[in-house]
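# Next come a sequence and a model predicted from it.
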Amino acid sequence: MKIEQRIRKIFGERAFERPIFYNNLGGLRFELAEGGDWLEQFQLAHKKAQEICSNIFEDEIVLCIRIFGRESLLSVLSILKELRCIGLYPSMKKEHWKEKNEEDPEWVTDEDEYWHTVAFTLPKDALNKLLWCSLACDQGIKPCPPAEYYLFDLKKSIEVCPYDDRGMDVVGPNHNFLAELYNKFSSYLLDCDREAMDTSFQKKP
């Protein structure tokens, strides 16, 4: 079964709808950056995301990179080349699909606007680069290919979306594994959404 089919079978049709936490109920939302200057915030965010993700991924990561462009994949070629230069775009065994941009009718500016998704697997040791690119998007830190990054462990039925240096969503139908993360990384949970997470995962007396 193809990666796209497996993702839709496990996570449904809202796997890529942001905010992932609010569109996929029963998940976790972690706060990454805290006080300090921009570099300190980024370093701490990267460290915390790496710590959490190291407890999720054991060997390979199924990665979906979503890039906004025109109908042809050639319209995002410069971004794909940048990903290849930093080792995040293999030459073989990739899937590609596209969807017309209809997420927000008020935001659509052109009929020729599409989200391109390129999916493939990477070894766990690519995690450092993946999190760097995901979390650097608002900080102007390089390298930072302009894309959205979704990390999947399809065996565990877990999806990770590090949306920027502020936070990271972890969702999926594997309630027991999410509960383990909830308990282990309770101090990292985002306070403003803690009540919803407590409802899902806090053991009842």
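Nice, thanks for sending it over. Numbers count the residues shown, from 1 in each chain.
# Any stretches of the chain with poor pLDDT?
The model of the chain has pLDDT under 70 over residues 103-110, 204-205.
# Tell me which residue is most central in it.
Centroid-nearest residue in the chain, with C-alpha atoms, centre = their mean: residue 161, separated by 2.3 Å.
# Would you double-check that that residue falls in a strand?
Yes - assessed with DSSP: H, G, I helix; E, B strand; the rest coil, residue 161 lies in a strand.
# Show me the beta-bridge partners of it.
Residues in a beta bridge with residue 161, per DSSP bridges, are residue 169.
# thought it was touching residue 172?
No - Residue 161 sits out of contact with residue 172 when judged by C-beta atoms under 8 Å, with a separation of 10.9 Å. C-beta here means a position set from N, CA and C on the backbone, and glycine is covered the same way.
# Longest helix of this structure, counting residues only.
helix 38-54 (DSSP state H).
# what are the C-alpha coordinates of that helix, in CSV please?
This file holds the C-alpha atoms of helix 38-54, laid out as CSV (Å, rounded to 0.1, in the frame of the first residue of the first chain):
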residue,chain,number,x,y,z
TRP,A,38,15.8,34.2,19.6
LEU,A,39,18.9,31.9,19.5
GLU,A,40,18.3,30.6,23.0
GLN,A,41,14.6,30.0,22.1
PHE,A,42,15.5,28.1,19.0
GLN,A,43,18.2,26.0,20.7
LEU,A,44,15.8,25.0,23.5
ALA,A,45,13.0,24.2,21.1
HIS,A,46,15.2,22.0,19.0
LYS,A,47,16.5,20.2,22.2
LYS,A,48,13.0,19.5,23.5
ALA,A,49,11.6,18.4,20.2
GLN,A,50,14.6,16.1,19.7
GLU,A,51,14.0,14.6,23.2
ILE,A,52,10.4,13.9,22.5
CYS,A,53,10.8,12.6,19.0
SER,A,54,13.7,10.3,20.1
